[in-house]
Every structure is written in structure tokens, then in C-alpha cells.
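Peer 1: predicted structure and sequence below. I'll ask about it afterward.
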Amino acid sequence: MQNFLCHLGRPVLNSVQQAGSMTLFLLEALGQAFFPPFRFRRLLREMEFIGVKSSLIILLTATFTGMVLALQGYYTLKKFGSEGALGSAVALSLIRELGPVLTALMVSGRAGSAITAEIGIMRITEQLDAMDTMAVNPLQYVVTPKLLAGLICVPLLTAIFDVVGIFGGYLVGVVLLGVSSGSYFNGMVQSVQTLDINGGIVKSLVFGLTIMLVACYKGYFTARGAEGVSRATTETVVLSAVLVLTWDYIITSFFM
Amino acid sequence: MIQIVDLTRSFNGQTVLDGINLEVPTGKITVIIGKSGAGKSVLLKHVIGLLKPDRGRIIIDGFDITRASRRQLQDFRVRLGVLFQGGALFDSLTVLENVAFPLREKTSLPEDEIMQRARERLAQVNLTSEVEDKYPDELSGGMKKRVALARALIQEPEMVFFDEPVTGLDPPMTNTVFHLIGKTHQESGYTGLIVSHDIPGVFQVADYVAMLHQGRIIASGTPAEIQHHPDPVVQSFIKGEVNFLEA
């Protein structure tokens, strides 16, 4: 019985310890943003990598998400004779849930994993140690710009996702299935509240910070060579997805 | 003067450094020799403040770096240069940017002057302007070591630490790197601490040699004293005898 409890307790203790360690890492890295030198050029470079280079995949995902939402929504609403509500159904689904969540998952898969690999390789090839010995804080140089870039870019990508998704839904609902354009947009205007938009913004901010924190943390504490980098990269994608979905539920419950 | 006093460090219950005592004189090159896995690099990482010991002190010019805060360590590190085993060049920067990096980060010198100094350091390690715009992955092992040496010296440090500076290099390049270390030391007069298992290469540059074995310094002295040391373990290592590895 005691062995069983030990077996059960160790992973829990490890998780708690890791959560504490990640929180301290986040506070220290964000704190560095307030001390000179301010690295605007590195911030812009990270925004290009996380934001600009993720935009194509976001456009594609958003278009097809909007289209499939409209397709599913149309046939469900048609059963109740409520095709006119298609615009509000698509918009609310995207703005409240699918926009922030899918954007976060896409950014995590594309940029988060790459960031873990980049920082992990810097760790195992002693580049981070080299920075330290040159009296350059590797947290400030490497991690802080990525955290800030995630905080700025993920909400912007989410906004793009929402708008493009709504037009994807328009393509299927209005152009292909014949829902009136007026009712599509009018329903949207009537049903979407400021609270819905605020909820989406809060989610995307939290998701952006979470993804970058996990990616940077896993990379920064990589050990054991190439295998360690590979493991850290996988852990980043899995942990980011789990945390995004957990945060999604928590934040949604606050905004309901 | 670097004084290492009773330095002890264990990893996962295994003692790697077991009460190390060593003095590294100012302005001289001291080499720590020992077989692979003896803990030489771990010792070096303690001296540059990347690792904290379980017990013991490292006093550099009266300043105990084992009890220093992060801020104090940063201030101290401006005085030193480090050449890492694999070079530790930044992948995303060109050769010239790598060498210029410490000056860009830690000084307010104008860009022209930074570039001029970086080029001078590259010339000092016999690298021409042709490699300036190359990235680290386009360089040979020997070139990487020389660029890393140029970067370690760019801020004219008082102390330079070398972690296995010739590992993985062919004999001519090994001699070249040791020659460059000797030459730059003569020109700059820094205090050098090298960890290496390259015998007899290290004797070219060493003023003092210490041997690390099973977590302890078992012999120290001038190269001549070490070469004639009575301890059979030291002799086995210097002569590269198989029974040393087995021991």
C-alpha cells in the first residue's frame, strides 16, 4: 500500500515542483523586460518568426474551420428552420472558442516546437553557458523577447483567425448554400457581445504566454544531447496542448 | 591568483570533485590534466561560476565566487574569457558577429571600432577576412576553435579559461591551437587555466601542470616536475599506458 502511494505521489510532487519552477522562470524572464538593455530588434525578429511566419497556416486553418462550421451549422439549424442564425453560430463559436484555441494549437505546433529545439540546442552546445560567461543574461537575451512576442502575436493571429473564419463560413453559408448575406451578418451583429470578444482576447493572451513559457522552459532545461532535445520538443507540444485546453475551460467558466 | 579550497561536488550520489585544493598563479598558464570523465570540465565550470559546489571555496583576487550573487558574478565575468570545448559559437551569427558579440553587448563603442577590433582578433588567430561572413556550421573544427579563441580574447580579459581546446582536432591543428594560445598569452599576459588530456601538447604552453584523478589533485608542479613525477598513476597517464585506463 505504501509503495502504491509512493508510486502515485512521486509524479504529483514532480508536477508541483515543475509548476513552481516554471512560475519562477516566467517571473524572472518577464522581470528582465523592465531592465536595460531593451532588445527591440530581437523582439521584432521573434514577432516575425512567431507571428508573420505563422500567418499562412492560420489563414488556411481559419478558412476551413469557418467553412466546416457553416456546413455543419447549416444542416443542424435547417432542421429547426433557423438557417438565419448561421452567422451568429459561426461567429460565436469562432470568437469564444475555436479562434483562440486553434490559433494556440497551431502556433504551439509550428513555433513552440521550433523554439524548444532552438533553445535546447543552444543549451547542449553550451551557447547559453557562453552567454553567461560573457556577462550577458541568457534569459534576457533569448527568453524574454520570445515571451513578449508570444504575448503580442497570438492575440493578433487569433483576431485574423476569427475574421478569416467568419468569411470562410460566409463562403459556404451564403455563396454555396444560399443563406441570405444580410441575415448572416445581421445575426452576427445582434448576437456577438463585447464580453465574447473580451473573453477571446483574454484567452489568446493567456494561451500565447503559456505556449511560449512551455517552449522556452523545456528548451532552457534540456539535457542529455540530441535525445533530450527531441524529448523536450515532444513534451512542449503535448504540454502546451493540455494547458491550452485546461486554461480554456477555466477562463470560459469565468466569462459565462 | 585563483585559489581553489577544499572544493567538493557530487552528482546523483557520485563524488566527482573530492576536496580539490589548487592555486593558479596570476599571469601564468596552468593546465589541469586527467583522463576523460575525471571531472576536469566540472572543475572549470565551478571556477567560472556556472556550477555551485557542495562544499569549498574559489577565491579569485580575494573575491569568493561561490558565494557571489548573480549580479556580482556578472560584474566578475567581464574580466574573463572562456573557450568552450565545442566552441559554443552562436549558430545564428556570422563569424565576425560572434567575435564582436561581447563588445556589442558590454561596451558602448561605436560600431566601426567594434568591427575593427573583431577583425584584429581574427587576424591574431590567423583567420582572414574570407571567413568573416561565414556561419559556424560552415567552418572546420579548427576554425571554430580559433574563432572561439578570438571571441574569448576580444575584451582583453585578465583571465582566460580553456575547456579541452584541442579535442577532436588533427595533430597539425592541435599544434596550431596550442601555438596560438602561447602567442596570445605572451601578447596579452592573461592568467590561463586549461583543462586538457592532450599529452604532450599541453607541455608546449604550460607554466604549471596539475593532475586530477578520482576527484583529487594527485600531482602538481612545473611541466618538468610532472614529467618526472614518481607517482605511477601520473607516469601511466603521461605515457598513455593501457593499464591507466583500466585502473
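Peer 2: Received the coordinates, thanks. Numbering: from 1, shown residues only, chains lettered A, B, ... in the order given.
Peer 1: can we go C-alpha only for contacts and neighbour counts from here?
Peer 2: Will do.
Peer 1: any regions of chain B where pLDDT drops low?
Peer 2: Residues of chain B meeting the criterion pLDDT under 70: B:242-247.
Peer 1: up against chain A, what does it have?
Peer 2: B:48, B:50, B:73-75, B:77-78, B:80-82, B:84, B:86, B:88-90, B:102, B:105-106 (Cα under 8 Å from any Cα of the partner chain).
Peer 1: out of the residues you listed, which are inside strands?
Peer 2: Taking DSSP state E as the definition of strands, the residues of chain B next to chain A contribute B:80-82.
Peer 1: turn those into TSV, columns for neighbour count.
Peer 2: Below are those laid out as TSV (neighbours: other Cα atoms under 10 Å in any protein chain shown):
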residue	neighbour count
B:Leu80	22
B:Gly81	29
B:Val82	28
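Peer 1: sorry, back to before: please, a ChimeraX command that selects the buried ones among the residues of chain B next to chain A?
Peer 2: In ChimeraX, this line selects whichever of the residues of chain B next to chain A come out buried by 16 or more other Cα atoms under 10 Å in any protein chain shown:
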select /B:48,50,73,74,77,78,80,81,82,84,86,88,89,90,102
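Peer 1: in the chain, which residue is closest to the centre?
Peer 2: Using chain A. Most central in chain A under Cα atoms, centre = their mean is A:Ala104, positioned 2.3 Å from the mean C-alpha point.
Peer 1: chain B, not that one
Peer 2: Note: chain B centre (Cα atoms, centre = their mean) maps to B:Phe162, 1.2 Å.
Peer 1: give the next helix or strand downstream of the strand or helix carrying that residue.
Peer 2: Element membership for B:Phe162, per DSSP states H and E: strand B:159-163. Once the chain leaves strand B:159-163, the next helix or strand it forms, by DSSP H and E, is helix B:171-188.
Peer 1: for that next one, which outside residues touch it?
Peer 2: Contacts to helix B:171-188, defined as Cα atoms under 8 Å, 6 or more residues apart in numbering or on different chains, come from residues B:124-125, B:142, B:145-146, B:156, B:165-166, B:192, B:201-202, B:204-205.
Peer 1: give me that answer again for 10 Å
Peer 2: Applying Cα atoms under 10 Å, 6 or more residues apart in numbering or on different chains, the external contacts of helix B:171-188 come out as B:27-29, B:121, B:124-126, B:141-143, B:145-146, B:149-150, B:153, B:156-158, B:160, B:162, B:165-170, B:189-192, B:194, B:198, B:201-206.
Peer 1: restricted to helices, list those.
Peer 2: The members of the contacts of helix B:171-188 that map onto helices under DSSP state H are B:121, B:124, B:141-143, B:145-146, B:149-150, B:153.
Peer 1: buried subset of these?
Peer 2: B:121, B:124, B:141-143, B:145-146, B:149-150, B:153.
Peer 1: which one of these is nearest to chain A?
Peer 2: When these are compared for distance to chain A (Cα to the nearest Cα), B:Leu153 comes out closest, at 11.0 Å.
Peer 1: for the closest residue to that closest one other than its chain neighbours, give me its contacts.
Peer 2: The shortest distance from B:Leu153 to any residue other than its chain neighbours is 6.2 Å, reached at B:Gly81 (Cα to Cα, 6 or more residues apart in numbering or on different chains). With contact taken as Cα under 10 Å, 6+ apart, B:Gly81 is in contact with A:130, A:133-134, B:48, B:102, B:148-162, B:190, B:192.
Peer 1: do that again at 6 Å, thanks
Peer 2: B:152, B:157, B:160 (Cα atoms under 6 Å, 6 or more residues apart in numbering or on different chains).
Peer 1: now do the same contact list for B:Val209.
Peer 2: B:30-32, B:220-223.
Peer 1: tell me how far the residue of chain A most remote from its centre lies from A:Gly9.
Peer 2: Using Cα atoms, centre = their mean, the residue of chain A lying farthest from its centre is A:Met1. It sits 40.9 Å away. Distance of A:Met1 to A:Gly9, given as Cα to Cα, to the nearest Å: 12 Å.
Peer 1: likewise for B:Phe84?
Peer 2: 40 Å.
Peer 1: hmm, stretch A:113-120 touching chain B?
Peer 2: No. Contact of stretch A:113-120 with chain B (Cα under 6 Å from any Cα of the partner chain) is absent, the minimum separation being 9.7 Å.
Peer 1: just the CA coordinates for that stretch, please, in PDB.
Peer 2: What follows is stretch A:113-120 as a C-alpha-only set of coordinates in PDB (Å, rounded to 0.1, in the frame of the first residue of the first chain):
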ATOM      1  CA  SER A 113       8.300  23.200 -31.000                       C
ATOM      2  CA  ALA A 114      10.900  25.100 -33.100                       C
ATOM      3  CA  ILE A 115      11.700  27.400 -30.100                       C
ATOM      4  CA  THR A 116      12.200  24.400 -27.800                       C
ATOM      5  CA  ALA A 117      14.600  22.900 -30.400                       C
ATOM      6  CA  GLU A 118      16.400  26.100 -30.900                       C
ATOM      7  CA  ILE A 119      17.000  26.900 -27.200                       C
ATOM      8  CA  GLY A 120      17.600  23.200 -26.400                       C
END
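Peer 1: what's the average pLDDT for it?
Peer 2: Regarding stretch A:113-120, the rounded mean pLDDT is 96.
Peer 1: that one: how far from the chain's middle?
Peer 2: 16 Å (Cα atoms, centre = their mean, to the nearest Å).
Peer 1: setting aside sequence neighbours, what's the nearest residue to B:Arg111?
Peer 2: Wrong residue type there; residue B:111 is Glu, not Arg. B:Arg104 (7.9 Å).
Peer 1: A:Leu239 now?
Peer 2: A:Val214 (7.4 Å).
Peer 1: next, that neighbour: secondary structure please.
Peer 2: Of the three states, A:Val214 takes helix under DSSP: H, G, I helix; E, B strand; the rest coil.
Peer 1: okay, the nearest residue to B:Gly86 once chain neighbours are set aside: pLDDT?
Peer 2: Excluding its sequence neighbours, the residue lying closest to B:Gly86 (Cα to Cα, 6+ apart) is A:Thr125, at 6.9 Å. Model confidence at A:Thr125, given as pLDDT, is 94.
Peer 1: circling back: partners of the strand holding B:Phe162, with directions?
Peer 2: strand B:80-83 (parallel), strand B:191-195 (parallel) (DSSP bridges).
Peer 1: put together CSV for those strands, with distance to B:Ile20 on each row.
Peer 2: Below are those laid out as CSV (distance: least, Cα to Cα, whole Å):
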stretch, distance to B:Ile20
strand B:80-83, 21
strand B:191-195, 15
